[in-house]
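In: compute the structure for the input listed below.
(chains A and B)
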Protein chains: 2
Amino acid sequence: MWRIAVDAMGTDLAPQAEVEGAVQAARAGLARVVLVGPEPELKERLSQLDAAHLPIEIVHASEAVTMDDHAAKAFRRKRDSSMRVAARLVRDGLADGIVSAGNTGAVMTTVKIVLGSLEGVDRPALAAVFPNSKGRATALLDVGANVDSKPQHLEQFAVMGEIYYRVIFGVSRPRVGLLSIGSEDHKGNDLTREALPLLRKLGLNFIGNVEGRDLYNGSVDVIVCDGFIGNVALKISEGMVEAISSLLKEAFGSSVPSKAGYLLARNALRGFKKRLDYSEYGGAPLLGVKGVTMIAHGGSNANAIKNAIRVAAEFVEGGINEKIEGELATVSMA
Amino acid sequence: MWRIAVDAMGTDLAPQAEVEGAVQAARAGLARVVLVGPEPELKERLSQLDAAHLPIEIVHASEAVTMDDHAAKAFRRKRDSSMRVAARLVRDGLADGIVSAGNTGAVMTTVKIVLGSLEGVDRPALAAVFPNSKGRATALLDVGANVDSKPQHLEQFAVMGEIYYRVIFGVSRPRVGLLSIGSEDHKGNDLTREALPLLRKLGLNFIGNVEGRDLYNGSVDVIVCDGFIGNVALKISEGMVEAISSLLKEAFGSSVPSKAGYLLARNALRGFKKRLDYSEYGGAPLLGVKGVTMIAHGGSNANAIKNAIRVAAEFVEGGINEKIEGELATVSMA
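Out: Numbering: from 1, shown residues only, chains lettered A, B, ... in the order given. A predicted model of the protein is given here:
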């Protein structure tokens, strides 16, 4: 069983969600879990959960990075933070991957510095998974690890995203698209027009330019874009679900009361929102860094943490990093 | 009363929606309408609508630009297209503004060439209006007139968008934000970091960086961004509403039947979608071009066309273009 280090101080309700998620994952045999955080508290919580026989260890870390911390400063000043200690476990071969629901910027900075990038990767990319109307998943990357990408970065994102999708979703030839503002080749900006021929040459199942609406209609599996665009796309989606939720609430509140109908609508929307919050897909992987890093949402519950642990283990098991280095070596030789 | 030229061949159901919208607008005393398109057909349709006494004229145009036409080619080859004839009416002082639901790229190309830009405007911008959860409107620009914007273009978009919002929505000091990936000043890409200090100096009610989620939460009135980002944002929103619609349909279909509840949810969502399709706000104005251009959605119905005519007249009445030239002159002297 692979060994996954869980930063126990990341979620809004840390360490409760992390400890319970670790117990669920261990009980289901998904991985061995190393919980990283304040040892006395973690011990106490674990003891309440009848977890003595489970493959869970605790590694002490005296500090925690908060959502308000500046990423680089947090890295420099909090040397004994739970996320940094977790990253060191991977660096030292004591764990195979990390799950953290902490400050996204700080997690990215920490693992980039502590673990370093894979061979052939100029910039790692954060991939988010969106639910689509076909009941499948669409992966979008980068959603914020980098801005002002160059064409060759998008090329690397395409290779990494395709491998990730192939392994995690079990699709042999996922369709890859480049996010643009029209499907014709000449539509787009300088970046997409330069990236398009590079992506076309990769030998992937590349379907060319796709548009914003394709994020949700199931016509493409992996969408590649600069991190500024991807982050805006992610946050617009989150904001829109909120807006539609209140809209439905109002609609049901102001008219003939139909409690059952409202509950149905609300639950359907909650399901969608939950999938957007990536709890079902176990967080957003940071692709291109050594080891495996799954970044979960700050609002993650135990189930989301459990899924993040599961995906991290599948990521190691599927040899995603080895595949990325292998394919990028081919690209750079071409 | 202001005189608005309506390209009668733009909507998916042209010229029916245009003719009916013109009749509704004229009947409500919103404007004098000049319908531009195939005269015999327009005459025939008008005669069926008991419109003889209304301030509606017809100007003949023998060609129509289709959604499949390439913008620049359509402009060169279809010299007698309804949109080009409508633009000439404005150029020659025979109309004050244009409404077209035709091919967006072709409308933009046509009016930019025929009418030219306002003094001080390097690039016109297309503004879309999004419904927000506070029941107000959020304007986003540019949504696709330009890509690869420079910081000074965003500066001009801010000035134009603020004036438009002020006049059309009657808000004296609309809050203006710059679309970025975090509220702190250092968050963003090269473009937003360079644009931020320029926008801050404009003397607007500028609230700094805003994020994707702010498009729908009512915390800002006017959001400025490059046209690539804005177009992706618009199309993601459209795609997401579609996805949530099918999701709700499924939820109601697969569980305890609750017809009333489903209808409520569907209607609420349709209202939201309709507002996204800009029918309530009468289309997206192309700001920065001489005359007034309202670009309506291809799927517009008569009511949407009527609203576009109303907003075009309000645009002229409010002296938006004069205000834009006046304020940009101040900016360039600063």
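In: what helix or strand is the residue nearest to residue A:265 when sequence neighbours are not counted located in?
Out: Leaving aside its sequence neighbours, residue A:265 sits nearest to residue B:265 (C-beta to C-beta, 6 or more residues apart in numbering or on different chains; 4.3 Å). Bear in mind the C-beta positions are built from the backbone N, C-alpha and C, glycine included. Assigned by DSSP states H and E, residue B:265 belongs to helix B:259-276.
In: tell me the secondary structure at residue A:187.
Out: Three-state assignment for residue A:187 (DSSP: H, G, I helix; E, B strand; the rest coil): coil.
In: which parts of the stretch 1-150 of chain A are helices?
Out: A:16-27, A:39-47, A:71-77, A:82-91, A:104-115 (DSSP state H, counting those that start in this stretch).
In: elements contacting the second one?
Out: On a contact count with 3 or more C-beta pairs under 8 Å, 6 or more residues apart in numbering or on different chains; DSSP states H and E, helix A:39-47 meets helix A:16-27, strand A:56-60.
In: which one, of the ones you listed, ends up nearest to residue B:148?
Out: Evaluated over the helices and strands packed on helix A:39-47, closeness to residue B:148 peaks at helix A:16-27, with 42.8 Å, by C-beta to C-beta.
In: tell me, how many residues neighbour residue A:60?
Out: 15 (other C-beta atoms under 10 Å in any protein chain shown).
In: can I assume it is in contact with residue A:39?
Out: Yes: assessed by C-beta atoms under 8 Å, residue A:60 is found in contact with residue A:39 at 4.0 Å.
In: check what pLDDT the residue lying closest to residue A:116 once chain neighbours are set aside gets.
Out: Of all residues not flanking residue A:116 in the chain, residue A:290 sits nearest, at 5.4 Å (C-beta to C-beta, 6+ apart). At residue A:290, the pLDDT value in this model is 96.
In: contacting residues for residue A:290?
Out: By C-beta atoms under 8 Å, 6 or more residues apart in numbering or on different chains, the residues touching residue A:290 are A:90, A:115-118, A:321.
In: doesn't residue A:160 fall inside a strand?
Out: No: read with three-state DSSP, residue A:160 is helix and lies in no strand.
In: how close does it sit to chain B?
Out: According to C-beta to the nearest C-beta, to the nearest Å, residue A:160 and chain B sit 20 Å apart.
In: again with residue A:14
Out: 22 Å.
In: residues contacting the closest residue in space to that residue that isn't next to it in sequence?
Out: Nearest residue to residue A:14 in three dimensions, chain neighbours excluded: residue A:8, at 6.2 Å (C-beta to C-beta, 6+ apart). Contact partners of residue A:8, counting by C-beta under 8 Å, 6+ apart, are A:14-15, A:18-19, A:22, A:35-38, A:42, A:82.
In: 7 Å - rerun?
Out: Residue A:8 makes contacts with A:14-15, A:18-19, A:35-37, A:42, A:82, as judged by C-beta atoms under 7 Å, 6 or more residues apart in numbering or on different chains.
In: one step back: partner strands of the following helix or strand past the helix holding residue B:265 and their direction?
Out: Next along the chain after helix B:259-276, taking DSSP H and E as the criterion, comes strand B:284-287. Partners of strand B:284-287 in the sheet, by DSSP bridges, are strand B:125-131 (antiparallel), strand B:292-295 (antiparallel).
In: and the ones you listed, which is most packed in?
Out: Comparing the strands paired with strand B:284-287 by mean neighbour count (mean count of other C-beta atoms under 10 Å in any protein chain shown), strand B:292-295 comes out on top with a mean of 29.
In: residue nearest the middle of chain A, spatially speaking?
Out: Nearest to the geometric centre of chain A sits residue A:284, at 0.3 Å (C-alpha atoms, centre = their mean).
In: that residue touches residue A:295, doesn't it?
Out: Yes: between residue A:284 and residue A:295 there is a contact at 5.0 Å, judged by C-beta atoms under 7 Å.
In: low-scoring stretches of chain A, by residue?
Out: A:251-261, A:272, A:274-282, A:334 (pLDDT under 70).
In: helices or strands up against the longest helix seen in it?
Out: When chain A is parsed with DSSP state H, its longest helix is helix A:227-254. Applying 3 or more C-beta pairs under 7 Å, 6 or more residues apart in numbering or on different chains; DSSP states H and E, one finds that helix A:227-254 contacts strand A:137-141, helix A:259-276, helix B:227-254, helix B:259-276.
In: these: which one's closest to residue A:306?
Out: The closest of these to residue A:306 is helix A:259-276. By C-beta to C-beta, the value is 13.8 Å.
In: need the contact list for residue A:25.
Out: Residue A:25 sits in contact with A:31, A:33, A:306, A:309-310, where contact means C-beta under 7 Å, 6+ apart.
In: which non-adjacent residue is nearest residue A:227?
Out: Using C-beta to C-beta, 6+ apart, the closest residue to residue A:227 is residue A:142 (3.9 Å).
In: likewise residue A:90?
Out: residue A:291 (3.9 Å).
In: do you know how far the one you found is from residue A:297?
Out: 21 Å (C-beta to C-beta, to the nearest Å).
In: tell me which of the two has more neighbours.
Out: residue A:291 (25 against 21).
In: before we move on, the earlier item: now the strands paired with strand B:284-287 as JSON lines including distance to residue B:151?
Out: Shown next, in JSON lines, are the strands paired with strand B:284-287 (distance: least, C-beta to C-beta, whole Å):
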{"stretch": "strand B:125-131", "distance to residue B:151": "14"}
{"stretch": "strand B:292-295", "distance to residue B:151": "25"}
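In: all set, thanks.
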